[in-house]
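Asks: What would the 3D arrangement of this be:
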Amino acid sequence: MRSGLALYQALRSIDVSEDKATAVVDALETEMQTQLATKADLAQLKSELELKLTIRMGVMLSAAVGVMLTAFKFMH
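Replies: From the prediction side, this is the model:
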C-alpha cells in the first residue's frame, strides 16, 4: 500500500520511532480493510437498492391505478 509507505516515511521524518511508525501504519491498514467499502460492495448495494426501488415503484403504481379505478367507479 503506497499510502502506508508514505505515512511511515512521514512519521519517520518527524523522528517517530520505527516501532511506533510501523504500529500506526499497521493499525491504519487494518482499520481501512474492515471499514472501507470495495467496488464489489458498492455494486451489490446498488443492485439491492435498485431492486427495492423497482418494487416500491410497482406498489405505488398499483395503488395509484387502484385509486383511479375506484374514483372512476364512483363517478359513474
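
Asks: right, and the secondary structure at Met60 would be what?
Replies: Classification of Met60 using DSSP: H, G, I helix; E, B strand; the rest coil returns helix.

Asks: ok, now Val16?
Replies: Val16 is classified as coil under three-state DSSP.

Asks: Chain neighbours aside, what residue packs nearest to it?
Replies: Take Val16 and drop its neighbours on the chain: the residue closest to it by CB to CB, 6 or more residues apart in numbering is Val24, 7.6 Å away. No exception for glycine: its C-beta is placed from N, CA and C like everyone else's.

Asks: what pLDDT, on average, does stretch 47-60 get?
Replies: For stretch 47-60, the mean per-residue pLDDT is 97.

Asks: Please identify the buried residues of that stretch?
Replies: Using 16 or more other CB atoms under 10 Å as the test for burial, stretch 47-60 gives no buried residues.

Asks: circling back to that earlier point, residues contacting the helix or strand hosting the residue nearest to Val16, please?
Replies: Element membership for Val24 (DSSP states H and E) is helix 18-35. Helix 18-35 is contacted from outside by 1, 4, 7-8, 11-12, 16, using CB atoms under 8 Å, 6 or more residues apart in numbering.

Asks: now the residue nearest to Val16: how far from Leu36?
Replies: 17 Å (CB to CB, to the nearest Å).

Asks: same check, this time on Phe72
Replies: Plainly put, Phe72 is 53 Å away from Leu36 if you go by CB to CB.

Asks: So how do I select the buried members of the contacts of helix 18-35 in PyMOL?
Replies: The PyMOL command for the buried members of the contacts of helix 18-35 (criterion: 16+ other CB under 10 Å) is given here:
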select buried, resi 7+8+11
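
Asks: Can you tell me which of the contacts of helix 18-35 is closest to His76?
Replies: Met1 (70.8 Å; CB to CB).
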